[in-house]
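In: Could you work out the structure for the sequence below:
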Amino acid sequence: MKSIYTAGPLPFASKEFVVTLPEKDDHEDSSAAAAGSKRSICMRVICVPRNREFKVTLKLSSKPDLYQLQQFLQSQQHESPQEETQVLDVALRAAPPEKYSSFATELGQKGGDLGEGQEYWRGFSQSQFGLSLNIDVSARAIYEPIMVTEFVKKLLSDRQLSRPLPDRDRLKEKKPLKGVQVSLSYEEHTSYEVTGVSVEPQSKLKFTHERYSIGLRDVAMPALQSGRDSKPAYLPMELCTIGSGKRYSRLNERQATALLRATSQSPGDRERSIYQESFLNLDGFHLVSVSVHMVKHNGHNKDELIQREFGMNIREDMTLVNARVLWPPLLKYHHSGREKSENPLMGQWNMINKVWYWLMLDFWAYVDFSLLDQSFNFRFCEDSVSLWNSKGVYFHPQPLLPHQSAHPGKIERVLGDIHKMSSKQLEEVGQKGRHLQLLIIILPDVTGSYEKMIKRFWESELGVVSQCCQPIAASRLSKQYLENLSLEINVKFGGRNTVAIRRRIPLVSDFPTIIFAVDVIHPQQQSVVASIDWPQIIQDLYSVNQDPNNGLVGGGMIREHFRAFRQETGRKPERIILYIDRVSEDQFCQVLLHEMDNYFFRISKFFNTFVTTLPACQSLREGYLPPLTFVVAQTGKSGNFQPFCHPREFNFYLNSHARTNMPVHHHVMYDENKFSPHCLQVGTNNICYNRRKCTRVNIIAYFYLVNQVCSIYICLPYEKNNIKN
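Out: Predicted coordinates for the structure are as follows:
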């Protein structure tokens, strides 16, 4: 069942059509060619095209009425007409595919090299929100159209192909090549999909020499596998070329950083890129670079479908949106530092001459699974301890155990030995019953789920805190990277990196307030984070529930957070502010009607039973229900600015620090606290400054933590269905 929109009524309400389509000619069948004659290079299976008939029925479903849209724009209607705006979106999306391609032609604009056989191409993206058309520049990672042997050399850092590949390099080569379309150098108009890489080298594959009467140079290399595993066809790498325009989605950290740096633009540069973009056009046999106005080049107002049929006109200039700059809060650091406070400028600040709130670690150890140089291990520990001590995170000068290096295949055994040796060492120095406080781990320099395995074994089973480091970032010994590590380590042990001055947070400065952040990364994983140290809102309590039938938050999660808030502050919360992420606009009514009732029920049930069971909370009267403000934060929508907010409801867009083309849409679903727009906007912006690992974020800090809780939950054994701080 598909929906089709027309600009006007059809002369019928329902009609059936018979459509005849000729079947395309089959390409070369690789398995049949593999069983072909030894004398022939290939054998083509020729099939007689057959016509296929389809019965298509067009039936009138509904008639969208633009009157509803006009009433909504005039604030005469509360609900946004979804069907009418969908018609506009479908009509606008129909025009670009007729003029452009989705990064799949040789005429795309190459942007630059990403390394390891990938490059990126530039283009533009188009989306529609209500009556606003969003056009933005974009970039995608693409395979370089080069020989497979050249791709392997770049992937394996110019490794000599005359020697056999070890299993580690063969697996590293197989992952990016799987699913790629390749063509043989002497066969035109034929492509093969790579399904794997052979285990045996080409010299042991007799089929290769029997089929191809070409002398192969790199006989020690494995061959590409195509077709089914039961009857594969093998293709020599040195005869295969990667097809042009194949999108690459498995970027590693190095490539993702290169793509981000290459495409990050200031607002002015991004505006110029949209107004004046370069395209490659064919002029005879030459490629000519032409700079055009992207919006004018799209020609929406001249398009017959958009302008004549649907009667839509699009202004070619950008829309000006009224905005205001929110002043950041004043940040306070420890008094022992040279600078005791910081006033952020343009959403960012540095950590120079500042000290965190005190943390002392006496027993720590270090292990390296990346097999880096031994001298690096000593430099990393020495530089890290020196910098961390200067920031208030005090480490013992020497680790409890000597520095260790081990192979990635022995992770669990090495971690178990470290735990046993550390406990024995502590007993020898008179610290019986104590355990290792922190283990610093340099991860292996290969892709895989090593960090998840380490977290599961070391933290879940052995119960010791770990700090994992990427080998590429750690090997640079960057001062900024080491400072970020100190921020993370300090928080893991209950330390505080900074404190916002209380008078600058209007949401929580006057009444005891508990702030919740809720995120659902999977239907069976609901994560909740709450602030429990009013009025500073730095310390958090988090939990994960695996019961999708208990509503928005369930399984005693609310009870744990309220108990922790009362124990920490000695007072009951008089306000509740709840932020929720990953809720689309079509789910707003469902959240408001169903989840809100369930949420109120849990709070009232908690207070009714909590009074009779804990003497310390006798002051909580029966039926107590603090006022609630329910805010939905929509993230990840590129350029989702509107010339106006909702004409009747309470919503706003916030650019809090980074990426001006990625604003966060905050929609207030329910507000019993009667916050003014200024109070809620300033308070939400100030909460963004509580991020613990870095200084620049674009959503409130609790969402980063709630996502991290879900990620940790995935690493733990399945039977452990709750996480508590």
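In: Name the spans of the stretch 201-350 of the chain whose pLDDT lies under the cut-off.
Out: Within the stretch 201-350 of the chain, the stretches with pLDDT under 70 are 204-215, 275-299, 347.
In: Would you map the strands across it?
Out: Taking DSSP state E, counting those that start in this stretch as the test, the strands found in the stretch 201-350 of the chain are 222-226, 233-235, 240-242, 277-283, 286-292, 331-332, 341-342.
In: so what are the domain limits for the chain?
Out: 148-242, 337-492, 503-715 (automatic domain parsing).
In: Run a quick neighbour tally on Gln118.
Out: 23 (other CB atoms under 10 Å). Bear in mind the C-beta positions are built from the backbone N, C-alpha and C, glycine included.
In: and it, backbone torsions?
Out: Main-chain dihedrals, Gln118, degrees, to the nearest 10: phi -120, psi 150.
In: Touching, it and Tyr248? I think so.
Out: Yes. At 5.1 Å, Gln118 counts as touching Tyr248 under the criterion of CB atoms under 8 Å.
In: Report the set of residues contacting both of the two.
Out: Shared contacts of Gln118 and Tyr248 (CB atoms under 8 Å, 6 or more residues apart in numbering): Ala141, Ile142, Tyr143.
In: Kindly reformat those residues as a markdown table containing neighbour count, pLDDT and distance to Gln374.
Out: What follows is the shared contacts of Gln118 and Tyr248, written out as a markdown table (neighbours: other CB atoms under 10 Å; pLDDT from 0 to 100; distance: CB to CB, whole Å):
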| residue | neighbour count | pLDDT | distance to Gln374 |
| --- | --- | --- | --- |
| Ala141 | 21 | 87 | 36 |
| Ile142 | 22 | 86 | 40 |
| Tyr143 | 21 | 88 | 38 |
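In: Can you tell me the SS state at the residue nearest to Ser384 when sequence neighbours are not counted?
Out: Leaving out its chain neighbours, the residue that sits closest to Ser384 by CB to CB, 6 or more residues apart in numbering is Leu482, at 5.4 Å. Here Leu482 is helix, with the state taken from DSSP: H, G, I helix; E, B strand; the rest coil.
In: ok, now which ones touch Leu482?
Out: Contacts of Leu482 (CB under 8 Å, 6+ apart): Asp383, Ser384, Leu387, Trp388.
In: Tell me the secondary structure of the second one, please.
Out: This points to Ser384. Under three-state DSSP, Ser384 comes out as helix.
In: Just to check, it is in contact with Asn484?
Out: No. The criterion here is CB under 8 Å, and Ser384 misses it with Asn484 at 11.5 Å.
In: Could you double-check that Gly111 lies in contact with Gly123?
Out: No. In terms of CB under 8 Å, Gly111 does not count as a neighbour of Gly123; the distance is 9.3 Å.
In: shared neighbours, these two?
Out: Joint contacts of Gly111 and Gly123 (CB under 8 Å, 6+ apart) are Ala139.
In: Show me just the buried residues among the contacts of Leu482.
Out: Ser384, Leu387, Trp388 (16 or more other CB atoms under 10 Å).
In: between those residues, which is closest to Lys172?
Out: Ser384 (29.5 Å; CB to CB).
In: contacting residues around the closest one?
Out: Applying CB under 8 Å, 6+ apart, the residues near Ser384 are Phe395, Ile440, Leu482, Leu485.
In: Pull out the buried residues from those residues.
Out: Phe395, Ile440, Leu482, Leu485.
In: In helices, which of these fall?
Out: Leu482, Leu485 (DSSP state H).
In: Identify, from the shared contacts of Gln118 and Tyr248, the entry nearest to Val583.
Out: Closest to Val583, out of all of the shared contacts of Gln118 and Tyr248 and judged by CB to CB, is Ala141, at 30.0 Å.
In: Give me the spatial nearest neighbour of that closest one, chain neighbours excluded.
Out: Tyr248 (4.4 Å).
In: Kindly report the same for Pro627.
Out: Glu672 (3.7 Å).
In: thought the one you found was touching Leu628?
Out: Yes. Glu672 is in contact with Leu628 according to CB under 8 Å; the separation is 5.4 Å.
In: Neighbour count: the two, which is higher?
Out: Leu628 (18 against 13).
In: thinking again about what came up before, save the buried ones among the contacts of Ser384 as CSV, and put in distance to Lys410 and pLDDT too.
Out: Putting those into CSV (distance: CB to CB, whole Å; pLDDT from 0 to 100) gives the following:
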residue, distance to Lys410, pLDDT
Phe395, 27, 87
Ile440, 18, 92
Leu482, 27, 88
Leu485, 25, 87
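In: tally of neighbours for Glu428?
Out: Count around Glu428 with other CB under 10 Å applied: 8.
In: With Pro22 instead?
Out: With other CB under 10 Å as criterion, Pro22 counts 9.
In: looking at it, it is touching Asn51, isn't it?
Out: Yes. Applying CB under 8 Å, one finds Pro22 in contact with Asn51, separated by 5.5 Å.
In: No more questions from me, cheers.
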